[in-house]
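In: show me the folded form of this:
(one chain, ligands or ions: 1)
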Amino acid sequence: MKIDYQEPSKDLLMRIDIHEKYGSANIDVWTNELLKPQAGMNILDVGCGAGKLSFLFNEYSKGKAKITGGDFSEELLEKAREKNKNIGANINFQFLDFNQPFNFADQTFDLCTSAFAIYYASDLNFTFGEAHRVLRSPDALSGNSGGRLFVSGPLPENKQMFYDIIKEATRTAIPPMPGSSRFKGDIFNTIDKLFAKTELHKFENHLTFPEVAPFMDYVRASLGEDRKLWTSMFNGNDEYEVLIDKIEAVAKKWFNRDGKLVMTKVVGGILATK
Ligand SMILES: C[S@@+](CC[C@H](N)C(=O)[O-])C[C@H]1O[C@@H](n2cnc3c(N)ncnc32)[C@H](O)[C@@H]1O
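Out: Residues are numbered from 1 along each chain as shown. Below is the predicted model of the structure:
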């Protein structure tokens with residue numbers, strides 16, 4: 001299944017900022033506690049975007065892990081390289097299309113991660129096969145366990161309130177989201193077949209919006225035409241604005257009723273060992 005998805009940097013950075021401002025929990029802490037990226041590790045971050053996870057691992061390992069961030073968006077890679085330079089880090093940000101063979105030798109990495117990205121892959125067996133190939137195999141002689149894969153993404157119950165408001169505003173079905181519809185099923189099962197051990201972890205984050213405006217910023221940064229995930233709901237900019245107005249009217253109604261808007265992110269983390 002080919003998924004025609006793009007992520008404009010302004011939308012991605014807006015959503016990251018909103019999670020930081022209004023979230024009750026910190027996904028970075030959860031990720032670090034699960035993975036504990038150590039000095040000396042060789043790490044590949046697939047679909048790295050503007051480098052959120054790569055910078056997190058760099059900080060946690062005090063700049064002593066070897067980190068490569070790969071993405072097919074030159075716009076986002078440029079943002080990541082700019083920050084890399086500004087903070088004096090040594091992360092290697094390079095082009096990587098996860099629908100194509102990864103440009104690395106077998107058994108290069110100790111850890112391969114992908115946050116909210118790799119589940120957009122067209123052919124899951126191929127892409128996770130590539131992740132498996134570039135991870136270190138277990139070594140019985142030295143007693144080293146195999147390399148680890150970590151993939152985070154939305155679980156089906158993710159941000160129910162967001163979808164409920166859009167459903168009430170439009171009275172039409174929400175287009176299927178490639179992430180949440182496949183994460184716990186196809187994606188978990190594909191990884192589980194390829195890897196020796198697979199676990200599913202869960203992270204919950206309640207985003208409490210004290211007014212309607214930041215919620216609408218989140219809506220705009222999710223439904224934008226360039227992301228191509230919601231375009232079945234509108235045709236061109238005028239219809240997009242009509243849709244946004246309808247969503248805002250329902251969001252205001254909910255806000256006046258409840259005094260706040262609370263959206264719960266429910267994120268899954270698949271952690272697998274080769
Ligand atoms: C929601 S963003 C997440 C970015 C980053 N991992 C983060 O947590 O901030 C999804 C990312 O997947 C990237 N992406 C989508 N399709 C891709 C592909 N075929 N190959 C590589 N990256 C891709 C997008 O460019 C975007 O950076």
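
In: can you give me the strands for the stretch 151-274 of the chain?
Out: 197-209, 261-273 (DSSP state E, counting those that start in this stretch).

In: hmm, residue 11 is touching residue 221, no?
Out: Yes - contact criterion CB atoms under 8 Å: residue 11 and residue 221 qualify, at 4.2 Å. (Each C-beta comes from the backbone N, C-alpha and C, glycine too.)

In: quick one, what contacts the residue of the stretch 151-274 of the chain found nearest the ligand?
Out: Closest residue of the stretch 151-274 of the chain to the ligand, CB to the nearest ligand atom: residue 152 (7.9 Å). Contacts for residue 152 (CB atoms under 8 Å, 6 or more residues apart in numbering) come out as 27, 31, 114-116, 203, 267-270.

In: from residue 46, how far out is it?
Out: Counting by CB to CB, to the nearest Å, the separation of residue 152 from residue 46 is 12 Å.

In: shared neighbours, the two?
Out: residue 114.

In: quick revisit: out of the contacts of residue 152, which is nearest to residue 145?
Out: residue 270 (17.0 Å; CB to CB).

In: how many neighbours does the closest residue to that closest one other than its chain neighbours have?
Out: Excluding the flanking residues, the one nearest residue 270 by CB to CB, 6 or more residues apart in numbering is residue 151, at 4.7 Å. Neighbour count of residue 151, defined by other CB atoms under 10 Å: 25.

In: what sits against residue 151?
Out: 113-115, 118-119, 187, 191, 269-270.

In: interface residues of this structure facing the ligand?
Out: Applying CB under 6 Å from any ligand atom, one finds that the chain approaches the ligand through 5, 7, 12, 47-49, 52-53, 71-73, 76, 96-99, 115-117, 120.

In: ok, residue 131 - contacts?
Out: Residue 131 neighbours (CB under 8 Å, 6+ apart): 46, 102, 112, 114, 118, 149.

In: secondary structure element for it?
Out: Assigned by DSSP states H and E, residue 131 belongs to helix 124-134.
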